[in-house]
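Trainee: sharing a model that was predicted from the sequence below.
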Amino acid sequence: MATFRPVCRADEVPEGRGRSIVVDGLGIAVFRDSGVFHAILGRCPHANGSMGDGWVEDGEAVCPLHMWRFKLSSGRCTTVRGQSLHRFACEVRDGEIWVAV
Ligand code: FES
């Protein structure tokens, strides 16, 4: 059963960028897209690129290594069919980002 956990302050994630966080040893990438926060698994399925070092384009997280793209709304990869990243529920409470892990 997933439990919401505080992971970082909202103002630590710039608009259009990602941030890497670790919760209970699990690497997660948090993104801010037009003021809305999203959390997906932090390692790209292609070659373990750090998604948290990536950025947002057209509602998709872009891996910084070879530019695979993942829909922030679902985690589905739009570069290679059948690939995806787990998406975590994510919300802001009093300026803090909480992720359900
Ligand atoms: S490691 Fe992410 S696209 Fe290659």
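Mentor: Looks like it came in fine. Residues are numbered from 1 along each chain as shown.
Trainee: how close does V23 sit to V99?
Mentor: Counting by CB to CB, to the nearest Å, the gap from V23 to V99 is 7 Å. Glycine gets a C-beta too; all of them are placed from N, C-alpha and C.
Trainee: which of the two has more neighbours?
Mentor: Neighbour totals were compared for V23 and V99, and V99 leads with 24 against 16 (other CB atoms under 10 Å).
Trainee: what sits against L41?
Mentor: L41 makes contacts with 27-29, 51, 75, 85-86, 88, as judged by CB atoms under 8 Å, 6 or more residues apart in numbering.
Trainee: measure it to the ligand for me?
Mentor: According to CB to the nearest ligand atom, to the nearest Å, L41 and the ligand sit 12 Å apart.
Trainee: which single strand of this structure contains the most residues?
Mentor: Ranked by residue count, the top strand of the chain under DSSP state E comes out as strand 26-33.
Trainee: which residues does V56 bridge with?
Mentor: When bridges are assigned using DSSP bridges, the partners listed for V56 are A61.
Trainee: what touches both of V23 and V99?
Mentor: 5, 7.
Trainee: tell me who's in contact with the closest residue in space to F4 that isn't next to it in sequence.
Mentor: With sequence-adjacent residues excluded and distances taken as CB to CB, 6 or more residues apart in numbering, F4 is closest to W98, at 4.4 Å. Contacts here follow CB under 8 Å, 6+ apart; on that basis W98 touches 4-7, 90-92.
Trainee: up against the ligand, what does this structure have?
Mentor: Taking CB under 6 Å from any ligand atom as the criterion, the chain approaches the ligand at residues 44, 46-47, 49, 63, 65-66, 68.
Trainee: quick one: which of the contacts of W98 is nearest the ligand?
Mentor: Out of those, the one with the shortest distance to the ligand is C90. That distance is 20.9 Å, counting by CB to the nearest ligand atom.
Trainee: the closest one contacts V30, correct?
Mentor: Yes: with the criterion set as CB atoms under 8 Å, C90 and V30 qualify as a contacting pair; they are 6.9 Å apart.
Trainee: got any residues that touch both of these two?
Mentor: Taking CB under 8 Å, 6+ apart as the contact rule, C90 and V30 both touch 37-39, 97, 99.
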